[in-house]
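Trainee: coordinates only, no sequence provided:
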């Protein structure tokens, strides 16, 4: 940043809401005297002519003429364009007009009156782009005009008469153009990022007849590859050179051969250039005016605007004023001042007598307050207020029974500041679809809040699967007032009826779950009023629904004699959503005192069955990928054979190659479908979430939601089997290991290897369930940041992290539970049969006696099972005391340990 700033000698604002570009500014003499004028033309078609006057801040005294030419003005130029003297050339879209300015002196203090007269005009057959004027062909006391069209053709007009039009070779789009009078050369930049120079004589004698072998083609004088987009070209007669303004640099090329004299690259994009006598001026996009001698900086000054064009003008007796025009019409006549823009300190204040005793007392008081504030507890964390607050209003539309439901959600965003480029991305859970997945807003402030309405529904192309949750993720990205990008994430809780449809209950089902609560049962018609049908009696004990678009039916049954509920369906993944809804609604009805137990065996076989099915789908997709590669190679080979047949001059029979091509294409397309793999992966995630919900009923195990998560993605390189096995391995080696402090820190890091089967995954799931059933749990850890810092310090020192930062096993109490939780043995084994919940009282007593005998027998062998557990861990993971763990498990644990810790896995 420079200490100096450019001084305004004169300023004016050209209209409001008009646009200007490079070429819309011209300075020079328009009358016979030596007074210079400033001509500005806007894209709105208004031509303004000024004679700058010092101190005229509004521009009223300096305005000579303002006229609407009824057509957008692309460029203006001043020169000897008429035989009588000076003229002003104005380029429109399809017209080139030359005007003369006349002045009538007023009487007394009435001032002068200026008028504009049309000298001549030319109609253009093609749309114009820019122009330049000069003594083409080295004529004397006359200037001609060259107009470049949108197709890069150049038309030359010798004042009132049209001369010729030429098409420049290798030019598709127009670019900047300048004329060098000393060498009679046109210099232009084309779309290939190349600067080319053409002699005027070569353009004049060339012809465009391509069929005539004797025709003369247009040949360039020299060519230079700039390597960047050329924005402007200015002639530098005093140095016999030309300045080329690129997107990030400025080049100086010699007129004779186009050799680069020097080049200068800028950190910020330059906006405009202006050649001077021995130096040159550049305006940057950050509002700075820099004076340079070749590539050496001489002077710098600040400017409050970014110009698009720079010119020199002489106003009165003041020579060398810099005229800067911005794209919004602000025109300034500047000179580079030498007064610093920073405030000057008062030197008298620096020599005041300082009271050292008073300052020492203030310092001691401040230090005391700091010690008092920092002693004991740590400083409170400062809560950062979000720049954008999102609110959602969910309103389900009323639909007749049997129709697909549609949920309307109103998204509202409020902010106290002004934010820009707001973009909302909505991700609904499968199988729901959203009407507008992406919303864009140009800006949001306090007076213009964000508001939009979207609809969630099950579409015809939705995946037939049961959702694990009904939470739609909303991510808002925007640019804050300070210009930094920010992101806000929120969640929309959709109603239960968004993807289900009530049906009649069914008695038969493959998968059943029975839950027992410590509170009186609530009728299902009160818990799920949206699932009531006219055929069902009020106060019934069973309701059912089916997922959309799937036809699978899920039934909820309430016991008549006990506080038990049964959920039954065709598979475990279908019971995840009703399980969560049932617990949430009962908790809202009874409060936090509600306790829930699993009164049936844990559905491990159902989960393993889904894992096996997903593995079979994955193997089938891998086989299809191999077949697809084979069919694609066959398809390309047939294409080559057909292409060789078509290129042959003597056409022969195709020999059924067209049928083979069509067949190979159809087979390749048919083998590129992977919908079954995605559906099976979603079902495994949903079943894992249900298993985690059931395992958490035995005791505090909130970390299982991160291991058996419903948000896992199935990647080709790292599928669900690898992710689940790695997460379970890390949990069993750390949080649920008897020697957790020794096995927690695993040295080395690597990538997950592709799984060969799912036997190890199923065995890890079984071990997890058995450990939790015995009463083991993961003790809460300190802050994740402290554990990460301790691990990093230990790794840097080459030692093992302290044991206090590792998970600790909680041993069960005398009752077999943890902190008053139900016994793990009762939780895992449950009753002998799930149907015993609905038996007679005598049969129930008999069942209790059998369970008591079985429990007594299991307690007898409890010590043997504990001894065998260490052998089982050593066989599965490798004993930490005798031999190191297998390399695959070390890689997986080391890879997932920092990710799980940073995600709050042990919070």
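Mentor: It's in. What you are looking at is a predicted structure, and each value in this text was computed from that prediction instead of being measured. Numbers count the residues shown, from 1 in each chain.
Trainee: only C-alpha atoms for contact and neighbour calcs from this point on.
Mentor: Will do.
Trainee: the helix ranked longest in the chain: how far from the chain's middle?
Mentor: Determined from DSSP state H, the single longest helix within the chain is helix 604-647. How far helix 604-647 lies from its chain's middle: 33 Å, per Cα atoms, centre = their mean, to the nearest Å.
Trainee: residue 575 falls within a helix, correct?
Mentor: Yes: Residue 575 forms part of a helix when assessed by DSSP: H, G, I helix; E, B strand; the rest coil.
Trainee: so who does it touch?
Mentor: The contact partners of residue 575, taken as Cα atoms under 8 Å, 6 or more residues apart in numbering, are 554, 567, 568, 569, 687, 690.
Trainee: touching stretch 453-460 from outside, list them.
Mentor: Contact with stretch 453-460 is made by 404-411, 428, 431-436, 498-499, 548-549, as judged by Cα under 8 Å, 6+ apart.
Trainee: buried ones among these?
Mentor: 404-409, 411, 428, 431-434, 498-499, 548-549 (16 or more other Cα atoms under 10 Å).
Trainee: list just the nearest of those residues to residue 361.
Mentor: The shortest gap between residue 361 and any of these belongs to residue 411, at 56.4 Å (Cα to Cα).
Trainee: what's opposite that closest one in the beta bridge?
Mentor: Following DSSP bridges, residue 411 is listed with bridge partners residue 392, residue 452.
Trainee: tell me if I'm right that it and residue 424 touch.
Mentor: No: Residue 411 sits out of contact with residue 424 when judged by Cα atoms under 8 Å, with a separation of 9.8 Å.
Trainee: related to what we said a few turns ago, who wins for neighbours among the contacts of residue 575?
Mentor: Counting neighbours by other Cα atoms under 10 Å, residue 687 leads these with 31 neighbours.
Trainee: how close does that one get to residue 693?
Mentor: 10 Å (Cα to Cα, to the nearest Å).
Trainee: got it, and residue 409?
Mentor: 29 Å.
Trainee: filter the contacts of stretch 453-460 down to the ones in strands?
Mentor: Residues from the contacts of stretch 453-460 lying in strands, with DSSP state E as the criterion: 406, 407, 408, 409, 410, 411, 432, 433, 434.
Trainee: quick check, nearest of those to residue 635?
Mentor: Nearest member of the ones in strands among the contacts of stretch 453-460 to residue 635, counting by Cα to Cα, is residue 433, at 35.8 Å.
Trainee: helix or strand for the spatially most central residue of the chain, which one?
Mentor: In the chain, the residue lying closest to the centroid (Cα atoms, centre = their mean) is residue 477, at 7.4 Å. For residue 477, the element it lies in under DSSP states H and E is strand 471-479.
Trainee: low-confidence ranges in the stretch 51-200 of the chain?
Mentor: Low-confidence segments of the stretch 51-200 of the chain, defined by pLDDT under 70: 57-59, 106-111.
Trainee: one more: the stretch 201-350 of the chain?
Mentor: Low-confidence segments of the stretch 201-350 of the chain (pLDDT under 70): 208-216, 338-350.
Trainee: for it, which segments count as strands?
Mentor: 222-225, 230-236, 241-246, 249-254, 260-265, 270-275, 280-284, 288-293, 296-302, 307-315, 318-326, 330-340 (DSSP state E, counting those that start in this stretch).
Trainee: tabulate the ones you listed (TSV), appending mean neighbour count.
Mentor: Formatted as TSV, the strands of the stretch 201-350 of the chain follow (neighbours: other Cα atoms under 10 Å):
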stretch	mean neighbour count
strand 222-225	15
strand 230-236	23
strand 241-246	24
strand 249-254	21
strand 260-265	13
strand 270-275	24
strand 280-284	21
strand 288-293	20
strand 296-302	16
strand 307-315	23
strand 318-326	19
strand 330-340	18
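Trainee: returning to that earlier point: show only the entries of the contacts of residue 575 found in strands.
Mentor: Per DSSP E, strands hold the following members of the contacts of residue 575: 554, 567, 568, 569.
Trainee: what residues are bridge-paired with the closest residue to the last one other than its chain neighbours?
Mentor: Counting by Cα to Cα, 6 or more residues apart in numbering, residue 569 lies nearest to residue 554, which is 4.7 Å off, once chain neighbours are set aside. When bridges are assigned using DSSP bridges, the partners listed for residue 554 are residue 545.
Trainee: contacting residues around residue 554?
Mentor: With contact set as Cα under 8 Å, 6+ apart, residue 554 has these partners: 505, 544, 545, 546, 567, 568, 569, 570, 574, 575.
Trainee: my read: residue 242 touches residue 254, true?
Mentor: Yes: Residue 242 lies in contact with residue 254 (Cα under 8 Å); the separation is 6.4 Å.
Trainee: picking up where we left off before, save the strands of the stretch 201-350 of the chain as JSON lines, and put in distance to residue 416 too.
Mentor: JSON lines is the format used below for the strands of the stretch 201-350 of the chain (distance: least, Cα to Cα, whole Å):
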{"stretch": "strand 222-225", "distance to residue 416": "51"}
{"stretch": "strand 230-236", "distance to residue 416": "40"}
{"stretch": "strand 241-246", "distance to residue 416": "41"}
{"stretch": "strand 249-254", "distance to residue 416": "41"}
{"stretch": "strand 260-265", "distance to residue 416": "41"}
{"stretch": "strand 270-275", "distance to residue 416": "34"}
{"stretch": "strand 280-284", "distance to residue 416": "33"}
{"stretch": "strand 288-293", "distance to residue 416": "33"}
{"stretch": "strand 296-302", "distance to residue 416": "32"}
{"stretch": "strand 307-315", "distance to residue 416": "33"}
{"stretch": "strand 318-326", "distance to residue 416": "32"}
{"stretch": "strand 330-340", "distance to residue 416": "32"}
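Trainee: of those strands, which approaches residue 535 most closely?
Mentor: Using Cα to Cα, the strands of the stretch 201-350 of the chain put strand 318-326 closest to residue 535, at 75.5 Å.
Trainee: may I see the buried residues of stretch 553-572?
Mentor: Those would be 553-559, 563-572, for stretch 553-572 by 16+ other Cα under 10 Å.
Trainee: next one: stretch 445-459
Mentor: Neighbour-count burial for stretch 445-459, counted by 16+ other Cα under 10 Å, picks out 445, 450, 454, 455, 456, 457, 458, 459.
Trainee: am I right that the fourth one sits in a strand?
Mentor: Yep, that's residue 455 we're talking about. Yes: Residue 455 sits within a strand when classified using three-state DSSP.
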